[in-house]
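Colleague: predicted model and sequence follow; I will ask about them next.
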Amino acid sequence: MAIHSYSQVDTPQTLDDQIDKGIALMFQKEHSQSIELLITTEAIAKKINGMNKFFGPH
């Protein structure tokens, strides 16, 4: 089982910033980087949401 350590980079604001960066990369036609960043950001957001259901916000 992998353990993800949550830090300040996993805050809602930082995740929003990562989404904005992914969209900017898309418009710069950096599609591979954009998709990779957006998928990673989505996975982190889902993990945080799942943890919040059991333990409350971090």
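Modeller: Right, received. Where do you want to start? On a predicted model such as this, the values are computed, not experimentally measured, just so you know.
Colleague: what mean pLDDT does the host helix or strand of residue 50 have?
Modeller: Using DSSP states H and E, residue 50 sits in helix 31-55. Averaged across helix 31-55, the pLDDT comes to 87.
Colleague: what's that helix packed up against?
Modeller: Counting contacts by 3 or more CB pairs under 8 Å, 6 or more residues apart in numbering; DSSP states H and E, helix 31-55 is packed against helix 12-27. (C-beta placed from N, C-alpha, C; glycine too.)
Colleague: residues making contact with the helix it packs on?
Modeller: With CB atoms under 8 Å, 6 or more residues apart in numbering as the test, helix 12-27 has contacts from 8, 31, 33, 34, 35, 37, 38, 40, 41, 44, 45.
Colleague: switch those over to a markdown table; also include neighbour count and distance to residue 17.
Modeller: Compiled in a markdown table, the contacts of helix 12-27 are given as follows (neighbours: other CB atoms under 10 Å; distance: CB to CB, whole Å):
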| residue | neighbour count | distance to residue 17 |
| --- | --- | --- |
| 8 | 7 | 12 |
| 31 | 10 | 20 |
| 33 | 13 | 15 |
| 34 | 18 | 14 |
| 35 | 13 | 17 |
| 37 | 19 | 11 |
| 38 | 17 | 12 |
| 40 | 12 | 13 |
| 41 | 19 | 9 |
| 44 | 17 | 12 |
| 45 | 16 | 12 |
